[in-house]
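Novice: have a look; sequence and predicted model below, questions after that.
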Protein chains: 2
Amino acid sequence: MQEIILNEDPMSKRYLPNISVDSVIFGFHNRQLKVLLLRFKNTEMYALPGGFIDKGEDLEDSVKRILLERTGLHDIYLEQFGTFGSKQRAYGEVHKAVAEAIGKTFDPNAWVAQRFVTVCYYALVDFHNTIPSPDPASDLCDWFDINEMPNLMFDHNEIVQQALASLRLMLDHKLVAFNLMPDMFTMNDLQSLYETILGKKLLRTNFQRKMLSLGILERVDKQWTGGAHKAAYLYRFDKNKYEEMQKEEANSIGK
Amino acid sequence: MQEIILNEDPMSKRYLPNISVDSVIFGFHNRQLKVLLLRFKNTEMYALPGGFIDKGEDLEDSVKRILLERTGLHDIYLEQFGTFGSKQRAYGEVHKAVAEAIGKTFDPNAWVAQRFVTVCYYALVDFHNTIPSPDPASDLCDWFDINEMPNLMFDHNEIVQQALASLRLMLDHKLVAFNLMPDMFTMNDLQSLYETILGKKLLRTNFQRKMLSLGILERVDKQWTGGAHKAAYLYRFDKNKYEEMQKEEANSIGK
């Protein structure tokens, strides 16, 4: 009888069982690194935006579909950084709490209450172009400073920390940080982003020299501030030059 | 009827459905980077060692269990490097060929013939301590030079290439290569390993200077060669110093 209920669950028909995807969506605003979080309806339970893989859908397409729903954005910069598969990752308790909060009966055998291995991506978006939208189970979808996040469901806090560690590792290797910047920015803005991601202060002259030496910044114009301070140059990230550079990059050891 | 068959399949009772694990096991021998491969019984079909996750087992424990079975080794250095989830990853064709090769009837609805998302790890082992052992579906488990591998099942060739790319990225970052060396080695051996992984020649003096400057090599003794050449020093990797160093390591940009 139980098997029949499972097989008739519409989730069971549409999605691969026991596998989910979760995304750590990073944005940068007011010199803070932000993460997009959802709150389950009528609860104080927060979680990363996530979902499931359609039976006929590529893994990465499922992530893009969910990211589009939550942010309104196509063509988001995505990196898969880890798959989490502790046997503790069974959603029973969470779904019980959610069911109670919205006055529904909890079914411990429901498709969605089982164990899930989750494949995780981080996404880098331009904060100002993002339109956060809750999913059907949530009443809030909003940005939180990575240093002031609430307790998240399950291992989601750990997943955010691993996403940050992976982002740090990729800063030098793939210069991914530019995906978090608006079209034009000052050197100060860029340094502030690096400092926020790395969690430490950097020397201004060294940072500027290193960034300019990469040959991927196009100087656009001075920023008119209207104030008494010296106007700062605006820069634009040159994606074509960057892609050429990536091709030429090789591991530096021994050179 | 079909549902009942699926549910009665012993694989279905034991393992999470639609998720597999695969391992790229690297060894180093005769100045070649080797990968451990399996060949399905009575076929010329080769594959990476892999398997499934017990319903009550942590993801990483399933990988360790399978690695122990294939290599006889405990405490293997492991890195998860990617999860592959193309919708094309349905095992029907493979299992049809395997069933035919061993004279069994192929069931397209069998548990093992479905789509699998696979979580992949690379493992670094000491070649000389490894005892390759085929799994029940294979008649061969052996080392292949990474540059002379046969065509592998599915996307397994691509998975090996991604493992190698990830290993290259981690060479500098985590100095993982030492896991491929025997207890004692010459600087020449080590340089040869780096050159093999990176696929290029390195300058001897620079390589030696860089390695010694890391402060993680202990000079043990001279290697007695019995020949007319100058004897080479033997080194040992100092794991304690390495672990201290890892803690202190920070991203180098801006410094």
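Specialist: Great, that's in hand.

Novice: next up, the contacts around A:Leu36.
Specialist: Residues counted as contacts of A:Leu36 (C-beta atoms under 8 Å, 6 or more residues apart in numbering or on different chains) are A:25, A:27, A:49, A:70-71, A:130, A:132, A:141-144. Glycine gets a C-beta too; all of them are placed from N, C-alpha and C.

Novice: which bits of the stretch 101-250 of chain A sit near chain B?
Specialist: Taking C-beta under 8 Å from any C-beta of the partner chain as the contact definition, the stretch 101-250 of chain A meets chain B at A:115, A:117, A:119, A:168-169, A:171-173, A:191, A:194, A:198, A:200, A:202-203, A:206-207, A:210, A:250.

Novice: contacting residues for A:Gln246?
Specialist: By C-beta under 8 Å, 6+ apart, the residues touching A:Gln246 are A:Lys174.

Novice: so is A:Ser62 in a helix, a strand, or just coil?
Specialist: Secondary structure, DSSP: H, G, I helix; E, B strand; the rest coil: A:Ser62 is helix.

Novice: for chain B, see how far away it is.
Specialist: 8 Å (C-beta to the nearest C-beta, to the nearest Å).

Novice: what's the helix or strand for the residue lying closest to that residue once chain neighbours are set aside?
Specialist: Spatial nearest neighbour of A:Ser62, chain neighbours left out: A:Ile53 (4.3 Å); criterion: C-beta to C-beta, 6 or more residues apart in numbering or on different chains. Following DSSP states H and E, one finds A:Ile53 within strand A:50-54.

Novice: counting by contacts, list what that strand packs against.
Specialist: For strand A:50-54, the elements it packs on are helix A:10-14, strand A:15-29, helix A:59-71, judged by 3 or more C-beta pairs under 8 Å, 6 or more residues apart in numbering or on different chains; DSSP states H and E.

Novice: pretty sure A:Asp139 sits against A:Tyr46.
Specialist: No - in this structure A:Asp139 lies outside contact range of A:Tyr46 using C-beta atoms under 8 Å: 11.4 Å.

Novice: shared neighbours, those two?
Specialist: Counting by C-beta under 8 Å, 6+ apart, the common neighbours of A:Asp139 and A:Tyr46 are A:39-40.

Novice: more crowded one of those two?
Specialist: Higher neighbour count among A:Asp139 and A:Tyr46: A:Tyr46, with 20 against 12, using other C-beta atoms under 10 Å in any protein chain shown.

Novice: closest one to B:Phe81 out of the contacts of A:Leu36, please.
Specialist: Nearest to B:Phe81 among these, counting by C-beta to C-beta, is A:Ile25 at 22.6 Å.

Novice: can you pull the contacts of the closest one?
Specialist: Neighbouring residues of A:Ile25 by C-beta under 8 Å, 6+ apart: A:35-36, A:49, A:67, A:70-71, A:122-123, A:125, A:130.

Novice: can you list the domains in chain A?
Specialist: For chain A, automatic domain parsing gives the domain ranges A:2-171, A:183-248.

Novice: mean pLDDT added to those domains, as a markdown table?
Specialist: Converted to a markdown table, the domains of chain A look like this (pLDDT from 0 to 100):
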| stretch | mean pLDDT |
| --- | --- |
| domain A:2-171 | 91 |
| domain A:183-248 | 86 |
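
Novice: now the phi/psi pair for A:Met211, please.
Specialist: Backbone torsions for A:Met211, taken as degrees, to the nearest 10, come to phi -60, psi -40.

Novice: what number of residues lie near it?
Specialist: As a burial measure, A:Met211 scores 19 neighbours (other C-beta under 10 Å).
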